[in-house]
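*Asks:* sequence and predicted structure, then a few things I'm wondering about:
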Amino acid sequence: MNNSAPDEAAATGAIDENVAAELARLRDSIDNIDAAVVHMLAERFKCTQQVGHLKAKHQLPPADPTREARQIARLRELAENAKLDPAFAEKLLNFIIAEVIRHHETIAAGEE
């Protein structure tokens, strides 16, 4: 989604032209970051799919609570260093982990 087109308020003159231009510039950056995030998640899931197949082949459980706890602690520290809310980072990682486990269960059941 490209947010660089003037929004309704800018089109009606309610927003200063310079403000509208800055808003468009910032939104373009957000769009680029969103695209990068999607591509990074796609790469991450490609790797976790391979892990799922390896686990299934060797009858390993889909979830690894010890690794998950280490990853959450690691991500919380990274978030703190990056000035990102660690609780938000943990929620995001928990969501991703749940999806990975679901994929691993599907692979282990031979459904993929």
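*Replies:* Thanks, I have it.
*Asks:* C-alpha from now on. contacts and neighbour counts both.
*Replies:* OK.
*Asks:* if I look at the closest residue to Glu68 other than its chain neighbours, how far off is His104?
*Replies:* Among residues not flanking Glu68 along the chain, Ile97 sits closest, at 7.6 Å (Cα to Cα, 6 or more residues apart in numbering). Distance, Ile97 to His104, by Cα to Cα, to the nearest Å: 10 Å.
*Asks:* who's more crowded, those two?
*Replies:* It is His104, of Ile97 and His104, that has more neighbours when counted by other Cα atoms under 10 Å, with 26 against 18.
*Asks:* who's in contact with that one?
*Replies:* His104 is in contact with Gln49, Gly52, His53, Lys55, Ala56, Pro62, Ala63, counting by Cα atoms under 8 Å, 6 or more residues apart in numbering.
*Asks:* now do 7 Å
*Replies:* Gly52, Pro62 (Cα atoms under 7 Å, 6 or more residues apart in numbering).
*Asks:* and it, what pLDDT?
*Replies:* The predicted local distance difference test score for His104 is 97.
*Asks:* where does it sit, in terms of helix or strand?
*Replies:* Per DSSP states H and E: His104 is located in helix 86-108.
*Asks:* can you list the buried residues in that helix?
*Replies:* In terms of neighbour count (16 or more other Cα atoms under 10 Å), helix 86-108 has its buried residues at 86, 89-90, 93-94, 97, 100-101, 103-108.
*Asks:* between these, which is closest to Phe45?
*Replies:* When those are ranked by distance to Phe45 (Cα to Cα), Val100 comes first, at 7.4 Å.
*Asks:* from Arg76, how far off is the closest residue to the closest one other than its chain neighbours?
*Replies:* Excluding the flanking residues, the one nearest Val100 by Cα to Cα, 6+ apart is Thr48, at 6.6 Å. Thr48 is 20 Å from Arg76, where distance means Cα to Cα.
*Asks:* what about these two, which has more around it?
*Replies:* The neighbour count for Thr48 versus Arg76, taken as other Cα under 10 Å, is higher for Arg76 (20 against 17).
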